[in-house]
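Visitor: return atomic coordinates for the entry below.
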Amino acid sequence: MSAPEQRVALVANGGSGVGVAIVRGLHEAGMTVAVGRRPDRPNDNDVPPEAASVHEGSLGNAADCERAVNEVLAKHGRLDSVVCVAMRRGFTIETPIERLEPAEWDRVINAYLSGPYYLMRAALGPMLEQGYGRIVTVVSTDGGPGSEGQAANGVATGGLITLTQRIAREVAGRGVTANVVMTGLVASPWVHDELPEEFLEQLAQVVPAGRLADTAEVSRAIGFLCAPDAGYVTGQVLGVDGGLRT
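Guide: Here you go, the predicted structure:
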């Protein structure tokens, strides 16, 4: 395994929200961090200065995912970790099944399930070839089975968890791990900017820990799973939710 300063991570959707904190956290852990983002989304333009490179394209497009992986390999020489943030502002559909339009269904499934599949598939080849890799998918409890009116998000989240665990099983023993981080209510900059403090206080009361998660707490969990020392941790769903799912 290469030295920590040589490790390279690609963070998909790393230009906004929790993704920004993940980029910073991995950089602080000594990694070279590349960011994948969509150029047509204004809220994806907060790429932190810690990013070593930016790769534009749609996570929901297989060709864009392959191109991003190839660009990272060409620029940085290797790819050790892929972090796929499958939670993004504006992609939660709260519509009962009988009124859920096929176009809405397709949009969510493409963003939260097909897109991560495209990226993980593109990254697996180089990782298996070098005998080392860390894959982390990041999902939200908002899309869990108990979220009423969020059928598309729930199916995408459940499917992505299963996909990540299947990958973990298939590549176990070949130096590559795959895990899921499931976040609870996160106090991202957007949350503080867009939601009233009184409402945030009400949300915090739902959490056993009595507060929302800090974005740095999410990034540190991901940093652990991306580290060489986590080589025996694979196929797991790590909840960073203050006890919300207990």
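
Visitor: residue 171 and residue 121 touch, don't they?
Guide: No: the criterion here is Cβ atoms under 8 Å, and residue 171 misses it with residue 121 at 11.9 Å. From N, CA and C alone the C-beta is placed, and that goes for glycine too.

Visitor: so those two - more neighbours on which side?
Guide: residue 171 (18 against 15; other Cβ atoms under 10 Å).

Visitor: check contacts around residue 57.
Guide: Contact analysis of residue 57 by Cβ atoms under 8 Å, 6 or more residues apart in numbering lists 36, 38, 64, 65, 67, 68.

Visitor: which of those fall in helices?
Guide: When these are checked against helices (DSSP state H), the matches are 64, 65, 67, 68.

Visitor: just the buried residues of stretch 190-201, please?
Guide: residue 191 (16 or more other Cβ atoms under 10 Å).

Visitor: what is the burial count for residue 65?
Guide: 28.

Visitor: for this structure, list the residue farthest from the centre, please.
Guide: residue 98 (29.5 Å; Cα atoms, centre = their mean).

Visitor: how about it, secondary structure?
Guide: Following DSSP: H, G, I helix; E, B strand; the rest coil, the label given to residue 98 is helix.

Visitor: please, which helix or strand holds residue 139?
Guide: strand 133-140 (DSSP states H and E).

Visitor: for residue 115, that is, sorry about that
Guide: helix 115-130.

Visitor: what mean pLDDT does that helix have?
Guide: Averaging pLDDT along helix 115-130 gives 97.

Visitor: and the angle from it to strand 133-140?
Guide: Put simply, helix 115-130 runs at 160 degrees to strand 133-140, going by axes from the mean of the first three to the mean of the last three Cα atoms, to 10 degrees.

Visitor: pull the residues that contact helix 115-130.
Guide: 10, 12, 36, 58-62, 64-66, 68-69, 73, 78-80, 82, 84, 86, 133, 135, 137, 160, 163-164, 167, 171, 174-176, 178.

Visitor: how near is the residue farthest from the centre of the chain to residue 154?
Guide: 16 Å (Cβ to Cβ, to the nearest Å).

Visitor: from the chain's centroid, how far away is stretch 18-29?
Guide: 12 Å (Cα atoms, centre = their mean, to the nearest Å).

Visitor: in it, which residues are buried?
Guide: 18, 19, 20, 21, 22, 23, 24, 25, 26, 27, 29.

Visitor: now intersect those residues with the strands, please.
Guide: Helix and strand membership here follows DSSP state E; of these, not one is in strands.

Visitor: need those residues in TSV with distance to residue 240 and pLDDT, can you?
Guide: Listed next are the buried residues of stretch 18-29 as TSV, based on distance: Cβ to Cβ, whole Å; pLDDT from 0 to 100:
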residue	distance to residue 240	pLDDT
18	10	88
19	15	90
20	16	90
21	12	91
22	12	94
23	17	95
24	16	93
25	12	94
26	15	96
27	19	95
29	16	93
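
Visitor: which among the residues you listed gets closest to residue 241?
Guide: Comparing the buried residues of stretch 18-29 against residue 241 with Cβ to Cβ places residue 18 closest, at 13.0 Å.
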